[in-house]
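In: Structure here, sequence nowhere to be found:
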(Lines give C-alpha, C1' and ligand atoms only; values in the text may rest on other atoms or scores of the structure.)
Protein backbone atom coordinates (compact mmCIF):
# COMPACT_ATOMS: atom_id res chain seq x y z
CA UNK A 1 0.00 0.00 0.00
CA UNK A 2 2.84 2.38 0.85
CA UNK A 3 5.89 3.36 -1.19
CA UNK A 4 9.30 4.04 0.31
CA UNK A 5 8.54 7.76 0.14
CA UNK A 6 5.26 7.10 1.98
CA UNK A 7 7.09 5.21 4.73
CA UNK A 8 9.53 8.09 5.12
CA UNK A 9 6.61 10.53 5.40
CA UNK A 10 4.87 8.31 7.95
CA UNK A 11 7.99 7.98 10.07
CA UNK A 12 8.61 11.74 9.88
CA UNK A 13 5.30 12.14 11.70
CA UNK A 14 6.44 9.73 14.41
CA UNK A 15 3.98 7.11 13.18
CA UNK A 16 4.34 3.55 11.90
CA UNK A 17 2.87 1.96 8.79
CA UNK A 18 0.90 -0.42 11.02
CA UNK A 19 -0.67 2.45 12.92
CA UNK A 20 -1.62 4.25 9.71
CA UNK A 21 -3.12 1.05 8.31
CA UNK A 22 -5.25 0.84 11.47
CA UNK A 23 -6.44 4.39 10.82
CA UNK A 24 -7.45 3.42 7.28
CA UNK A 25 -9.26 0.38 8.69
CA UNK A 26 -11.23 2.77 10.93
CA UNK A 27 -12.33 4.69 7.82
CA UNK A 28 -13.57 1.47 6.23
CA UNK A 29 -15.32 0.09 9.30
CA UNK A 30 -16.42 3.32 10.95
CA UNK A 31 -16.75 3.88 14.68
CA UNK A 32 -19.57 2.39 16.76
CA UNK A 33 -22.15 4.64 18.37
CA UNK A 34 -22.07 5.07 22.12
CA UNK A 35 -24.35 2.67 24.00
CA UNK A 36 -26.52 5.44 25.46
CA UNK A 37 -28.89 4.45 28.28
CA UNK A 38 -30.48 7.85 29.00
CA UNK A 39 -29.65 11.52 29.32
CA UNK A 40 -28.31 12.58 32.70
CA UNK A 41 -30.64 14.89 34.63
CA UNK A 42 -30.87 16.55 38.04
CA UNK A 43 -30.93 13.83 40.73
CA UNK A 44 -29.99 11.30 38.04
CA UNK A 45 -26.36 12.01 37.21
CA UNK A 46 -26.34 15.80 37.57
CA UNK A 47 -25.70 17.13 41.07
CA UNK A 48 -27.49 20.33 42.04
CA UNK A 49 -25.70 21.75 45.06
CA UNK A 50 -27.46 23.64 47.83
CA UNK A 51 -26.19 27.02 49.06
CA UNK A 52 -24.60 25.25 52.02
CA UNK A 53 -22.87 22.72 49.75
CA UNK A 54 -21.63 25.47 47.45
CA UNK A 55 -20.14 27.34 50.39
CA UNK A 56 -18.54 24.19 51.81
CA UNK A 57 -16.96 23.23 48.49
CA UNK A 58 -15.59 26.73 47.92
CA UNK A 59 -14.18 26.85 51.47
CA UNK A 60 -12.52 23.43 51.10
CA UNK A 61 -10.75 24.52 47.95
CA UNK A 62 -9.70 27.88 49.37
CA UNK A 63 -8.33 26.16 52.47
CA UNK A 64 -6.06 23.82 50.52
CA UNK A 65 -5.22 25.68 47.29
CA UNK A 66 -1.89 26.97 48.61
CA UNK A 67 -0.77 23.40 49.40
CA UNK A 68 -1.33 22.08 45.89
CA UNK A 69 0.18 22.37 42.44
CA UNK A 70 -2.58 23.85 40.30
CA UNK A 71 -2.53 24.31 36.52
CA UNK A 72 -5.05 25.99 34.26
CA UNK A 73 -5.05 24.15 30.90
CA UNK A 74 -6.34 26.18 27.95
CA UNK A 75 -6.73 24.60 24.48
CA UNK A 76 -5.85 27.59 22.28
CA UNK A 77 -4.60 26.10 19.02
CA UNK A 78 -7.74 26.73 17.00
CA UNK A 79 -7.62 29.39 14.28
CA UNK A 80 -10.42 31.97 14.13
CA UNK A 81 -11.46 30.80 10.65
CA UNK A 82 -14.97 29.75 11.70
CA UNK A 83 -15.40 32.93 13.73
CA UNK A 84 -14.92 35.01 10.58
CA UNK A 85 -16.39 32.58 8.01
CA UNK A 86 -19.21 34.94 7.01
CA UNK A 87 -16.75 37.79 6.57
CA UNK A 88 -14.64 35.70 4.18
CA UNK A 89 -17.76 34.82 2.16
CA UNK A 90 -18.63 38.52 1.87
CA UNK A 91 -15.15 39.60 0.77
CA UNK A 92 -14.33 36.64 -1.49
CA UNK A 93 -17.77 35.78 -2.90
CA UNK A 94 -19.87 38.90 -2.41
CA UNK A 95 -22.36 37.02 -0.21
CA UNK A 96 -23.97 39.49 2.18
CA UNK A 97 -26.25 38.16 4.89
CA UNK A 98 -27.79 39.51 8.07
CA UNK A 99 -24.55 38.83 9.96
CA UNK A 100 -22.61 41.32 7.81
CA UNK A 101 -25.32 43.94 8.27
CA UNK A 102 -25.20 43.40 12.04
CA UNK A 103 -21.41 43.66 12.03
CA UNK A 104 -21.31 46.92 10.07
CA UNK A 105 -24.28 48.52 11.83
CA UNK A 106 -22.54 47.97 15.17
CA UNK A 107 -18.91 48.24 14.10
CA UNK A 108 -17.99 50.84 16.73
CA UNK A 109 -19.29 48.59 19.53
CA UNK A 110 -16.64 45.95 18.88
CA UNK A 111 -13.68 46.13 21.26
CA UNK A 112 -11.31 45.87 18.30
CA UNK A 113 -12.72 49.01 16.62
CA UNK A 114 -9.98 51.36 17.94
CA UNK A 115 -7.42 49.06 16.34
CA UNK A 116 -9.45 48.73 13.15
CA UNK A 117 -9.87 52.53 12.91
CA UNK A 118 -6.17 52.84 12.07
CA UNK A 119 -6.78 51.02 8.78
CA UNK A 120 -10.01 52.60 7.54
CA UNK A 121 -11.34 56.06 6.71
CA UNK A 122 -14.87 57.55 6.65
CA UNK A 123 -14.82 56.88 2.91
CA UNK A 124 -13.99 53.15 3.25
CA UNK A 125 -16.54 50.88 1.60
CA UNK A 126 -18.23 48.05 3.45
CA UNK A 127 -16.02 45.58 1.58
CA UNK A 128 -12.88 47.49 2.59
CA UNK A 129 -13.91 47.59 6.26
CA UNK A 130 -14.61 43.88 6.41
CA UNK A 131 -11.44 43.10 4.48
CA UNK A 132 -9.37 45.09 7.00
CA UNK A 133 -10.74 42.90 9.79
CA UNK A 134 -9.81 39.57 8.27
CA UNK A 135 -6.89 40.39 5.97
CA UNK A 136 -4.60 43.42 5.56
CA UNK A 137 -5.05 45.44 8.72
CA UNK A 138 -6.05 43.39 11.76
CA UNK A 139 -5.45 40.13 9.89
CA UNK A 140 -7.81 38.21 12.19
CA UNK A 141 -8.64 35.67 9.50
CA UNK A 142 -5.22 34.08 9.92
CA UNK A 143 -4.86 34.49 13.68
CA UNK A 144 -5.95 32.21 16.53
CA UNK A 145 -8.93 33.25 18.64
CA UNK A 146 -6.66 33.83 21.60
CA UNK A 147 -5.09 36.83 19.85
CA UNK A 148 -8.31 38.53 18.74
CA UNK A 149 -9.37 41.57 20.80
CA UNK A 150 -12.55 40.62 22.68
CA UNK A 151 -13.09 43.20 25.41
CA UNK A 152 -12.57 46.92 26.07
CA UNK A 153 -11.81 48.39 29.50
CA UNK A 154 -11.10 51.91 30.71
CA UNK A 155 -7.41 51.01 30.96
CA UNK A 156 -7.11 49.25 27.60
CA UNK A 157 -8.15 46.35 25.39
CA UNK A 158 -7.94 42.65 26.22
CA UNK A 159 -7.59 39.51 24.19
CA UNK A 160 -8.81 36.10 25.45
CA UNK A 161 -5.33 35.03 26.49
CA UNK A 162 -5.27 38.01 28.87
CA UNK A 163 -8.70 37.18 30.28
CA UNK A 164 -7.37 33.72 31.12
CA UNK A 165 -4.52 35.35 33.02
CA UNK A 166 -7.07 37.28 35.07
CA UNK A 167 -9.16 34.16 35.67
CA UNK A 168 -6.06 32.23 36.68
CA UNK A 169 -5.17 34.85 39.28
CA UNK A 170 -8.71 34.70 40.67
CA UNK A 171 -9.21 30.93 41.05
CA UNK A 172 -6.10 28.96 40.01
CA UNK A 173 -3.67 30.60 42.40
CA UNK A 174 -1.43 28.60 44.72
CA UNK A 175 0.22 31.03 47.10
CA UNK A 176 1.56 33.78 44.87
CA UNK A 177 1.98 31.48 41.86
CA UNK A 178 -0.37 30.98 38.91
CA UNK A 179 0.48 28.26 36.35
CA UNK A 180 -1.26 28.38 32.97
CA UNK A 181 -0.60 26.03 30.08
CA UNK A 182 -1.71 26.95 26.56
CA UNK A 183 -1.82 24.45 23.71
CA UNK A 184 -1.05 26.41 20.54
CA UNK A 185 -0.28 25.83 16.87
CA UNK A 186 3.45 26.06 16.07
CA UNK A 187 2.89 28.93 13.65
CA UNK A 188 1.08 30.99 16.31
CA UNK A 189 3.29 30.39 19.32
CA UNK A 190 5.48 33.44 18.68
CA UNK A 191 2.36 35.63 18.64
CA UNK A 192 1.29 34.37 22.06
CA UNK A 193 4.80 34.78 23.43
CA UNK A 194 5.07 38.34 22.10
CA UNK A 195 1.74 39.40 23.60
CA UNK A 196 2.49 37.83 26.98
CA UNK A 197 5.99 39.26 26.97
CA UNK A 198 4.43 42.69 26.59
CA UNK A 199 1.50 42.33 29.01
CA UNK A 200 2.44 39.76 31.67
CA UNK A 201 4.16 42.18 34.03
CA UNK A 202 1.07 44.36 34.16
CA UNK A 203 -1.13 41.51 35.39
CA UNK A 204 1.49 40.27 37.84
CA UNK A 205 1.57 43.71 39.42
CA UNK A 206 -2.21 44.03 39.36
CA UNK A 207 -2.84 40.74 41.18
CA UNK A 208 0.38 40.38 43.17
CA UNK A 209 1.22 37.03 41.60
CA UNK A 210 3.92 35.41 39.52
CA UNK A 211 2.68 33.71 36.36
CA UNK A 212 4.26 30.47 35.20
CA UNK A 213 3.26 30.27 31.53
CA UNK A 214 3.99 27.20 29.43
CA UNK A 215 3.09 26.11 25.91
CA UNK A 216 2.80 22.88 23.99
CA UNK A 217 1.77 21.98 20.48
CA UNK A 218 -0.24 19.08 19.14
CA UNK A 219 2.31 16.38 18.41
CA UNK A 220 2.73 15.21 14.80
CA UNK A 221 2.49 11.62 16.04
CA UNK A 222 -1.19 12.28 16.81
CA UNK A 223 -1.97 13.28 13.20
CA UNK A 224 -4.19 10.98 11.17
CA UNK A 225 -4.01 10.12 7.49
CA UNK A 226 -6.64 11.53 5.12
CA UNK A 227 -8.38 9.24 2.62
CA UNK A 228 -10.39 9.85 -0.54
CA UNK A 229 -14.10 9.08 -0.74
CA UNK A 230 -13.24 5.44 -1.55
CA UNK A 231 -11.12 5.13 1.62
CA UNK A 232 -7.82 5.04 -0.24
CA UNK A 233 -4.94 7.21 1.01
CA UNK A 234 -5.53 10.75 -0.23
CA UNK A 235 -2.74 11.90 -2.53
CA UNK A 236 -1.69 15.53 -2.82
CA UNK A 237 -0.90 17.06 -6.23
CA UNK A 238 2.70 15.91 -5.89
CA UNK A 239 1.62 12.35 -5.05
CA UNK A 240 2.41 12.51 -1.34
CA UNK A 241 0.27 11.39 1.60
CA UNK A 242 -1.80 13.96 3.46
CA UNK A 243 -1.89 13.95 7.27
CA UNK A 244 -4.20 16.14 9.32
CA UNK A 245 -4.33 17.16 13.00
CA UNK A 246 -6.68 14.74 14.73
CA UNK A 247 -8.82 17.23 16.69
CA UNK A 248 -8.69 18.21 20.34
CA UNK A 249 -8.65 14.55 21.38
CA UNK A 250 -4.96 14.53 20.48
CA UNK A 251 -4.39 16.90 23.41
CA UNK A 252 -4.70 14.07 25.95
CA UNK A 253 -0.95 13.60 25.46
CA UNK A 254 -0.35 17.28 26.22
CA UNK A 255 -2.52 16.99 29.33
CA UNK A 256 -0.72 13.83 30.39
CA UNK A 257 2.62 15.65 30.33
CA UNK A 258 1.55 18.07 33.07
CA UNK A 259 2.48 17.45 36.70
CA UNK A 260 -0.27 18.86 38.92
CA UNK A 261 -2.66 18.03 41.72
CA UNK A 262 -5.55 19.89 40.13
CA UNK A 263 -6.00 20.87 36.48
CA UNK A 264 -8.69 23.30 35.35
CA UNK A 265 -9.73 22.96 31.69
CA UNK A 266 -11.56 25.69 29.80
CA UNK A 267 -11.62 26.71 26.13
CA UNK A 268 -9.81 29.86 24.99
CA UNK A 269 -12.97 31.65 23.75
CA UNK A 270 -15.10 31.06 26.86
CA UNK A 271 -14.31 34.27 28.72
CA UNK A 272 -16.28 37.28 29.92
CA UNK A 273 -15.62 40.76 31.25
CA UNK A 274 -14.44 41.47 34.80
CA UNK A 275 -17.83 42.68 36.01
CA UNK A 276 -19.36 39.31 35.04
CA UNK A 277 -16.62 37.00 36.30
CA UNK A 278 -18.13 36.44 39.75
CA UNK A 279 -20.02 33.23 38.98
CA UNK A 280 -17.14 31.87 36.91
CA UNK A 281 -14.72 32.26 39.82
CA UNK A 282 -17.16 30.89 42.39
CA UNK A 283 -18.12 27.80 40.43
CA UNK A 284 -14.55 26.97 39.41
CA UNK A 285 -13.69 26.88 43.11
CA UNK A 286 -16.83 24.86 43.84
CA UNK A 287 -15.98 22.25 41.19
CA UNK A 288 -12.44 22.00 42.57
CA UNK A 289 -13.75 21.69 46.14
CA UNK A 290 -16.08 18.87 45.08
CA UNK A 291 -13.15 17.16 43.38
CA UNK A 292 -11.08 17.35 46.57
CA UNK A 293 -13.94 16.00 48.69
CA UNK A 294 -14.63 13.06 46.38
CA UNK A 295 -10.94 12.35 45.87
CA UNK A 296 -10.25 12.15 49.60
CA UNK A 297 -13.13 9.77 50.15
CA UNK A 298 -12.02 7.64 47.22
CA UNK A 299 -8.43 7.49 48.54
CA UNK A 300 -9.67 6.48 51.97
CA UNK A 301 -11.77 3.62 50.58
CA UNK A 302 -9.00 2.38 48.27
CA UNK A 303 -6.53 2.20 51.13
CA UNK A 304 -9.09 0.49 53.41
CA UNK A 305 -9.87 -2.13 50.76
CA UNK A 306 -6.17 -2.73 50.09
CA UNK A 307 -5.73 -3.38 53.84
CA UNK A 308 -8.50 -5.93 53.68
CA UNK A 309 -11.05 -3.92 55.68
CA UNK A 310 -14.66 -5.01 55.30
CA UNK A 311 -15.86 -1.90 53.51
CA UNK A 312 -16.74 -3.34 50.11
CA UNK A 313 -20.46 -2.48 50.33
CA UNK A 314 -19.61 1.06 51.44
CA UNK A 315 -17.26 1.47 48.48
CA UNK A 316 -19.86 0.17 46.01
CA UNK A 317 -22.40 2.60 47.49
CA UNK A 318 -19.93 5.49 47.13
CA UNK A 319 -19.19 4.56 43.53
CA UNK A 320 -22.86 4.37 42.67
CA UNK A 321 -24.22 7.42 44.47
CA UNK A 322 -21.28 9.81 44.58
CA UNK A 323 -19.17 8.89 41.55
CA UNK A 324 -22.13 7.85 39.37
CA UNK A 325 -20.51 4.53 38.47
CA UNK A 326 -22.92 1.62 38.79
CA UNK A 327 -21.21 -1.78 38.79
CA UNK A 328 -22.78 -5.13 37.90
CA UNK A 329 -24.23 -7.01 40.85
CA UNK A 330 -21.64 -9.06 42.73
CA UNK A 331 -18.54 -7.14 41.61
CA UNK A 332 -15.53 -8.30 43.62
CA UNK A 333 -13.01 -6.34 45.69
CA UNK A 334 -10.46 -6.14 42.87
CA UNK A 335 -13.03 -4.69 40.47
CA UNK A 336 -14.21 -2.13 43.01
CA UNK A 337 -10.66 -1.00 43.75
CA UNK A 338 -9.91 -0.70 40.02
CA UNK A 339 -13.00 1.47 39.47
CA UNK A 340 -12.14 3.72 42.38
CA UNK A 341 -8.50 3.98 41.31
CA UNK A 342 -9.03 6.07 38.17
CA UNK A 343 -8.48 9.69 37.12
CA UNK A 344 -11.34 11.88 38.30
CA UNK A 345 -13.08 14.87 36.74
CA UNK A 346 -15.84 17.11 38.02
CA UNK A 347 -17.58 18.84 35.12
CA UNK A 348 -19.87 21.83 35.15
CA UNK A 349 -23.06 21.32 33.13
CA UNK A 350 -25.26 24.19 31.97
CA UNK A 351 -29.01 23.98 31.53
CA UNK A 352 -30.05 23.70 27.90
CA UNK A 353 -30.79 27.03 26.25
CA UNK A 354 -30.26 26.09 22.63
CA UNK A 355 -26.47 26.50 22.64
CA UNK A 356 -24.44 24.00 20.59
CA UNK A 357 -22.37 21.42 22.41
CA UNK A 358 -22.25 17.84 23.59
CA UNK A 359 -24.38 16.58 26.42
CA UNK A 360 -24.22 14.51 29.61
CA UNK A 361 -25.40 10.91 29.29
CA UNK A 362 -25.49 7.62 31.10
CA UNK A 363 -23.67 4.94 29.07
CA UNK A 364 -23.44 1.19 29.67
CA UNK A 365 -20.22 -0.45 28.43
CA UNK A 366 -19.41 -4.03 27.50
CA UNK A 367 -18.48 -4.79 31.13
CA UNK A 368 -22.00 -3.93 32.22
CA UNK A 369 -20.73 -0.77 33.96
CA UNK A 370 -23.15 2.15 33.80
CA UNK A 371 -21.43 5.52 34.13
CA UNK A 372 -21.46 9.12 32.91
CA UNK A 373 -20.01 10.34 29.63
CA UNK A 374 -19.99 13.56 27.62
CA UNK A 375 -21.27 12.70 24.15
CA UNK A 376 -21.35 14.68 20.90
CA UNK A 377 -24.23 14.29 18.46
CA UNK A 378 -21.95 12.40 16.04
CA UNK A 379 -21.49 9.68 18.69
CA UNK A 380 -25.20 9.01 19.10
CA UNK A 381 -27.13 6.55 16.95
CA UNK A 382 -30.00 8.01 14.87
CA UNK A 383 -32.53 6.05 16.94
CA UNK A 384 -31.15 7.68 20.12
CA UNK A 385 -31.18 11.29 18.88
CA UNK A 386 -34.42 11.85 20.79
CA UNK A 387 -32.47 11.31 24.00
CA UNK A 388 -30.10 14.11 23.08
CA UNK A 389 -32.95 16.44 22.21
CA UNK A 390 -34.59 15.74 25.57
CA UNK A 391 -31.41 16.43 27.58
CA UNK A 392 -31.81 19.09 30.27
CA UNK A 393 -28.13 20.14 30.19
CA UNK A 394 -25.22 20.54 27.79
CA UNK A 395 -21.44 20.52 28.09
CA UNK A 396 -19.77 23.97 28.23
CA UNK A 397 -16.27 22.45 28.62
CA UNK A 398 -15.84 23.36 32.28
CA UNK A 399 -13.70 20.66 33.87
CA UNK A 400 -11.61 20.24 36.99
CA UNK A 401 -9.38 17.17 36.86
CA UNK A 402 -7.53 15.08 39.42
CA UNK A 403 -4.78 12.98 37.85
CA UNK A 404 -2.98 11.59 40.92
CA UNK A 405 -3.49 8.19 42.50
CA UNK A 406 -4.01 7.63 46.23
CA UNK A 407 -0.26 7.07 46.70
CA UNK A 408 0.63 10.40 45.06
CA UNK A 409 1.86 8.95 41.76
CA UNK A 410 0.41 10.22 38.48
CA UNK A 411 -2.02 8.27 36.35
CA UNK A 412 -0.97 7.31 32.82
CA UNK A 413 -3.89 9.00 31.06
CA UNK A 414 -3.37 7.05 27.84
CA UNK A 415 -4.74 3.96 29.64
CA UNK A 416 -8.16 5.56 30.13
CA UNK A 417 -8.95 6.43 26.49
CA UNK A 418 -11.59 4.54 24.50
CA UNK A 419 -10.10 4.28 20.98
CA UNK A 420 -13.51 3.26 19.58
CA UNK A 421 -14.91 6.75 20.13
CA UNK A 422 -13.17 8.61 17.31
CA UNK A 423 -15.21 9.93 14.40
CA UNK A 424 -15.05 10.60 10.66
CA UNK A 425 -15.72 13.95 9.00
CA UNK A 426 -15.84 15.22 5.42
CA UNK A 427 -13.24 17.87 4.50
CA UNK A 428 -11.51 19.09 1.34
CA UNK A 429 -8.01 19.86 0.09
CA UNK A 430 -7.15 21.63 -3.15
CA UNK A 431 -10.81 21.59 -4.10
CA UNK A 432 -11.07 17.79 -3.72
CA UNK A 433 -13.24 16.04 -1.13
CA UNK A 434 -11.60 13.85 1.45
CA UNK A 435 -12.44 12.01 4.66
CA UNK A 436 -10.66 12.97 7.89
CA UNK A 437 -10.43 11.11 11.16
CA UNK A 438 -10.43 12.66 14.60
CA UNK A 439 -9.20 10.97 17.74
CA UNK A 440 -11.56 10.51 20.70
CA UNK A 441 -12.37 14.03 21.94
CA UNK A 442 -10.41 15.33 24.92
CA UNK A 443 -13.47 15.48 27.19
CA UNK A 444 -15.30 12.69 25.32
CA UNK A 445 -13.62 9.38 24.50
CA UNK A 446 -10.16 10.49 25.67
CA UNK A 447 -11.60 10.60 29.22
CA UNK A 448 -14.01 7.71 28.69
CA UNK A 449 -12.73 5.62 31.59
CA UNK A 450 -12.39 8.40 34.17
CA UNK A 451 -14.59 8.71 37.23
CA UNK A 452 -16.95 11.47 36.15
CA UNK A 453 -19.23 13.73 38.17
CA UNK A 454 -21.54 16.35 36.65
CA UNK A 455 -22.50 19.48 38.61
CA UNK A 456 -25.17 21.99 37.62
CA UNK A 457 -23.62 25.43 36.96
CA UNK A 458 -25.34 28.65 35.84
CA UNK A 459 -25.38 29.88 32.23
CA UNK A 460 -23.43 32.93 33.43
CA UNK A 461 -20.31 30.75 33.51
CA UNK A 462 -20.60 30.15 29.74
CA UNK A 463 -19.71 32.99 27.35
CA UNK A 464 -18.26 31.45 24.17
CA UNK A 465 -17.49 33.36 21.00
CA UNK A 466 -18.25 31.14 18.01
CA UNK A 467 -18.85 33.92 15.45
CA UNK A 468 -17.65 37.52 15.58
CA UNK A 469 -21.16 38.87 16.19
CA UNK A 470 -21.17 37.04 19.56
CA UNK A 471 -18.90 39.83 20.78
CA UNK A 472 -21.99 42.08 20.77
CA UNK A 473 -23.63 39.98 23.49
CA UNK A 474 -23.91 41.63 26.94
CA UNK A 475 -21.28 39.30 28.43
CA UNK A 476 -18.65 40.79 26.08
CA UNK A 477 -19.66 44.46 26.21
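Out: Looks like it came in fine. Keep in mind it's a predicted model, so treat the numbers as computed, not measured.

In: And the lowest mean pLDDT element among the helices and strands of the protein?
Out: The helix or strand of the chain with the poorest confidence is helix 385-389; it has a mean of 78 (mean pLDDT, DSSP states H and E).

In: Tell me which residues of that helix come out buried.
Out: 387, 388 (16 or more other Cβ atoms under 10 Å). Quick note: C-beta positions are derived from backbone N, CA and C, even for glycine.

In: for stretch 339-356, same thing?
Out: Buried residues in stretch 339-356, counted by 16+ other Cβ under 10 Å: 339-350, 352.

In: how far does that stretch sit from the chain's center?
Out: 11 Å (Cα atoms, centre = their mean, to the nearest Å).

In: re earlier: when you check the buried residues of stretch 339-356 against the strands, which ones overlap?
Out: 344, 345, 346, 347, 348, 349, 350 (DSSP state E).

In: Out of those residues, the closest to residue 289 would be?
Out: Residue 289 lies nearest to residue 346 out of these, by Cβ to Cβ, at 9.0 Å.

In: Does the closest one touch residue 398 like I think?
Out: No - assessed by Cβ atoms under 8 Å, residue 346 is found out of contact with residue 398, at 9.4 Å.

In: Are there residues contacting both of the two? Which ones?
Out: residue 287 (Cβ atoms under 8 Å, 6 or more residues apart in numbering).

In: Three-state assignment for residue 6, please.
Out: helix (DSSP: H, G, I helix; E, B strand; the rest coil).

In: Extract the residue ranges of this structure that are flagged as low pLDDT.
Out: 354-357 (pLDDT under 70).

In: For residue 9, which residues are in contact?
Out: 240, 241, 243.

In: and with 7 Å instead?
Out: 240, 241 (Cβ atoms under 7 Å, 6 or more residues apart in numbering).

In: From residue 15, how far out is it?
Out: Per Cβ to Cβ, to the nearest Å, residue 9 is found 9 Å from residue 15.

In: One more: residue 360?
Out: In terms of Cβ to Cβ, residue 360 sits 34 Å off from residue 15.

In: now do residue 428
Out: Counting by Cβ to Cβ - residue 428 and residue 15 are separated by 23 Å.

In: With residue 432 instead?
Out: 23 Å.

In: Which of these two has more residues huddled nearby?
Out: Neighbour comparison, residue 432 and residue 15: the larger count goes to residue 15, with 19 against 13 (by other Cβ atoms under 10 Å).

In: That one is in contact with residue 222, isn't it?
Out: No - the pair residue 15 / residue 222 is not scored as a contact, 9.1 Å apart, by Cβ atoms under 7 Å.

In: did I read that right, residue 361 in a strand?
Out: Yes - looking at residue 361 with three-state DSSP, it is inside a strand.

In: close enough to count as contact, it and residue 41?
Out: No - in this structure, residue 361 is not within contact of residue 41 by Cβ under 7 Å, at 10.2 Å.

In: And for stretch 142-162, what's in contact with it?
Out: 76-80, 83, 111-112, 115, 140, 163, 184-185, 188, 191-192, 195-196, 199, 268-269, 271, 273, 465, 471, 476.

In: ugh, wrong one, stretch 270-285
Out: Contacts of stretch 270-285 (Cβ under 7 Å, 6+ apart): 58, 61-62, 150-151, 160, 163-164, 166-167, 170-171, 264, 348, 396-397, 457-458, 460-464, 475-476.
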